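K.L.:
Quick one, fold the following:
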Amino acid sequence: MSKPIKSITIWHFMKRVITWLLLVLIALGSLIQMAGCSLLNPGRLVLPAKEDIQKIINEAQDGDIIDIVDLLVPEWLYIHDEYYGYWKTVTRYDDYTFVIPKGLVVTLAGDPRLTIAGIAFVCEGGNTITLDDLNIYCYQDQAPSTLHFTYGKNELILKGSSRLENAYQPFDTTNDERQGYGAAVGVPPEVTLTISGQGCLYATGNGSAASIGGGYNESSGSIIITDGYIDASVIYSQTGMCGAAIGGGSGAAGGKTTINGGRVYVSAYNGAAGIGGGYGAGIGEVTINGGKVFAIAQDGGAAIGSSVNGGNGLININGGEVSTYGSAFSVYSNSSPGIGNGVGGSGVVLNIKGGILTAWGDAHSDQQAINCMLRSLPSAYRWSIQTTLESGTVPETFPDKAFVNDPRYYYVRIEAE
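P.N.:
Numbering: from 1, shown residues only. Now for the predicted structure:
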């Protein structure tokens, strides 16, 4: 009787072993499937070195798509986050700054669910770059900008929704070595960048630089926006000196900004302009021919115009819908005018030949909607004004241009017919 009992015991033992092996294989197969790889094709378990990625970029042809996620994010981590359904920031602790060769036309593709930190691109000039769902974050001293254009005429085409950010660390304002650093999209002097496409771009500078434009203590080049949705904002700077959302970095003037279409939303703090000059600087030239523009500024800089104590500049509104709002960050800070000179500034001139301008100042602190010389108006227009003056004192006709910047007129709307 002992032999059959022994045979049955061995059989049960073998069944358990086989069962556990099958469960292990099933579990392993599930993990392999989640990782998107097989034993013969291990996927992105081992990533290429930085030099190998740069070689891929150097060998790219016009029209190629470079999948940044494919090159820099391990497949197991990417699929894991997709499986559990939440977004993820993947941090690359090395300096992953890549050079885009001069003249190259290329798409930088990402994934809307992932943000990759520690990544920057420096374009040598004459480039056409398409951003397709690319979310990247650049460290402060890693590169001049998260996406930097160094020379000539360039194009930035928006596809999907992309977010470019620059790390926030207050600059030592005595350190000239950091001049030109800190923008999300760097457009230094003598560079032209045209932004177009049907996608979205969210750009955030590091506080001391512009979001789109010049770096710290650097003026911007020429920025032309023809289409797309652009949201440019500047992080509140502990140094007390910010760059413009679009325009110059802290201490530097805006260059030439032209908006022909699209939807543009900007916000700035610490005395910088929303569109125009960085802290303590003039506007340069802003021309709006079309599209919808919403600009807000706090702490004394104009929503569109110069910054606190800023200098000369020119604003031309020929079309589109322009809304500007000036406010105060707190009861202890300066309020901002809607358009024109920042607090303590002078020399900005406004020409309105078409479109709609709606400008708000801060009625609570007698900050005017328009704080500059209004040099020209459309040949035919409708207008409305709100004032802190007592009821019945609003003029029956549009005020003389010299009185438009009266701080009691905190709301002005001018619509060309």
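
K.L.:
Run a quick neighbour tally on the nearest residue to Ala380 once chain neighbours are set aside.
P.N.:
Spatial nearest neighbour of Ala380, chain neighbours left out: Glu417 (4.2 Å); criterion: Cβ to Cβ, 6 or more residues apart in numbering. Backbone N, C-alpha and C define where each C-beta goes, glycine included. By other Cβ atoms under 10 Å, 8 other residues sit near Glu417.

K.L.:
Can you show me the helices along the protein?
P.N.:
Listed in chain order, the helices of the chain (DSSP state H) span 2-34, 50-58, 68-72, 75-84.

K.L.:
From the contact counts, what lies against the third one?
P.N.:
Counting contacts by 3 or more Cβ pairs under 8 Å, 6 or more residues apart in numbering; DSSP states H and E, the secondary-structure elements packed against helix 68-72 are helix 50-58, strand 88-100, strand 105-109, strand 114-123.

K.L.:
can you put these in TSV and add distance to Gly221 and mean pLDDT?
P.N.:
TSV is the format used below for the helices and strands packed on helix 68-72 (distance: least, Cβ to Cβ, whole Å; pLDDT from 0 to 100):
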stretch	distance to Gly221	mean pLDDT
helix 50-58	24	91
strand 88-100	17	74
strand 105-109	20	97
strand 114-123	13	89
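
K.L.:
between those, which one is nearest to Ile246?
P.N.:
Nearest to Ile246, of all those, is strand 114-123, at 18.6 Å by Cβ to Cβ.

K.L.:
Adjacent strands (with direction) for the closest one?
P.N.:
strand 88-100 (parallel), strand 135-138 (parallel), strand 145-149 (parallel) (DSSP bridges).

K.L.:
Can you tell me which of the helices of the chain has the worst average pLDDT?
P.N.:
Confidence, taken as mean pLDDT, is least for helix 75-84 of these (a mean of 48).

K.L.:
residues contacting Asp62?
P.N.:
104-106 (Cβ atoms under 8 Å, 6 or more residues apart in numbering).

K.L.:
Could you give me the ChimeraX selection string for whichever of these are buried?
P.N.:
In ChimeraX, this line selects whichever of the contacts of Asp62 come out buried by 16 or more other Cβ atoms under 10 Å:
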select :104,105,106
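
K.L.:
got the contacts of Asp62 as CSV, with distance to Ser323 columns?
P.N.:
Shown next, in CSV, are the contacts of Asp62 (distance: Cβ to Cβ, whole Å):
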residue, distance to Ser323
Leu104, 38
Val105, 35
Val106, 36
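
K.L.:
most packed of the helices and strands packed on helix 68-72?
P.N.:
Most buried of these, by mean neighbour count (mean count of other Cβ atoms under 10 Å): strand 114-123, with a mean of 22.

K.L.:
distance between it and the chain's centre?
P.N.:
Relative to its chain's centre, strand 114-123 lies at 13 Å (Cα atoms, centre = their mean, to the nearest Å).

K.L.:
could I get that strand in CSV with only the CA atoms?
P.N.:
Coordinates of each C-alpha in strand 114-123 appear next as CSV, following Å, rounded to 0.1, in the frame of the first residue of the first chain:
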residue,chain,number,x,y,z
LEU,A,114,4.2,63.0,-19.7
THR,A,115,6.5,65.9,-18.7
ILE,A,116,10.2,65.3,-19.1
ALA,A,117,12.4,67.4,-16.8
GLY,A,118,16.0,68.2,-17.6
ILE,A,119,15.5,68.6,-21.4
ALA,A,120,16.4,71.5,-23.6
PHE,A,121,16.9,72.2,-27.3
VAL,A,122,19.2,74.8,-28.9
CYS,A,123,18.5,75.6,-32.5
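
K.L.:
Flag the helix or strand of this protein with the lowest per-element mean pLDDT.
P.N.:
Least confident helix or strand of the chain, by mean pLDDT, DSSP states H and E, is helix 75-84 with a mean of 48.

K.L.:
Please tell me how far Leu158 sits from Ser233.
P.N.:
Distance, Leu158 to Ser233, by Cβ to Cβ, to the nearest Å: 17 Å.
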